[in-house]
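**Student:** pasting the sequence and the predicted model now:
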Amino acid sequence: MSDASASPLLRDLAYEKIKEAIRSAKLQPGEALSETGLSKLLGISRTPVREALQALAQEGLVQIIPGRAVTVAAPSFEEVMDAIHVRYLLEPEVARLVAQNLSDEQLATLAQAVQAMEKAVEQKDRAAWSAHDNVFHTTLSQACPNRLLGEMALQTRNRIAFLAINVKDNDERLAACTAEHRAIVEKLMAGDAEGAEEAMRYHLRMLRDSIFQRYTHPY
């Protein structure tokens, strides 16, 4: 297989691996990224890594300063709150639309994600919790019958997904957040569109308050 034909597959691999490292906070906001270091870590050439970084920059997850540096994006407090505001506008509508359009397989995936989140809370495994939280919101967005709305909601969430670990580090808040996801799933299982919409809106209000508290009272 030639490098040209392999590049899209390798680019996608690099994209997903780097994105997951950012989302899980293994790569911290502001951390410098090296094409050479990432290519060695992933066992691929620099070209697909460079293309992956360019794609991530378009999503706001990476900042590229031509000729100088590539870093993990470090959104300001104002940018984070703006993203939460956009999520608040989009995701309740996603939940409302999804409530009457979920397949049995998608509903099972959401329910299993919440069960795994509950187990992660018991085990105090924040990395596992974050991974299953990602599955939950990705599945929900991809199930949205309005594909553009779902894509916008997921992309906005991904811009601040690293906060899933950094903000929810209080055990009590993590448990409460998991219960909020459980409430959303229960409304979806009942086909209650308005209930799912309000449950998602409540979840995002609590998330907004947690982030505000974290930034304004860090200790």
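**Tutor:** Thanks, I have the structure now. Residues are numbered from 1 along each chain as shown.
**Student:** Gly30 in helix, strand or coil?
**Tutor:** Under DSSP: H, G, I helix; E, B strand; the rest coil, the three-state class of Gly30 is coil.
**Student:** which residues are contacting the host helix or strand of Tyr202?
**Tutor:** Element membership for Tyr202 (DSSP states H and E) is helix 193-216. With contact meaning Cβ atoms under 8 Å, 6 or more residues apart in numbering, helix 193-216 is reached by 77, 80-81, 84, 87-88, 91-100, 163, 166-168, 173, 176-177, 180-181, 183-184, 186-188. All C-beta spots, glycine's among them, are computed from the backbone N, C-alpha and C.
**Student:** one more: stretch 111-118?
**Tutor:** With Cβ under 8 Å, 6+ apart, stretch 111-118 has contacts from 128-129, 132-133, 135-136, 139, 178, 181-182, 185, 189.
**Student:** got the end-to-end distance for stretch 56-66?
**Tutor:** Stretch 56-66 has an end-to-end distance of 15 Å (criterion: Cα to Cα, to the nearest Å).
**Student:** just to revisit the earlier point, of the contacts of stretch 111-118, which belong to helices?
**Tutor:** 128-129, 132-133, 135-136, 139, 178, 181-182, 185, 189 (DSSP state H).
**Student:** hmm, Leu13 is touching Leu41, no?
**Tutor:** No. Between Leu13 and Leu41 there is no contact under Cβ atoms under 8 Å: 11.8 Å.
**Student:** buried set for the helix holding Tyr202?
**Tutor:** Of all the residues in helix 193-216, those buried under the rule 16 or more other Cβ atoms under 10 Å are 193, 195-201, 203-204, 207-208, 210-211, 214.
**Student:** gap between it and the chain center?
**Tutor:** 15 Å (Cα atoms, centre = their mean, to the nearest Å).
**Student:** let me know how buried Ala127 is, in neighbour terms.
**Tutor:** Counted with other Cβ atoms under 10 Å, residues neighbouring Ala127 total 12.
**Student:** relative to Lys26, how far out is it?
**Tutor:** Applying Cβ to Cβ, to the nearest Å, the value for Ala127 to Lys26 is 9 Å.
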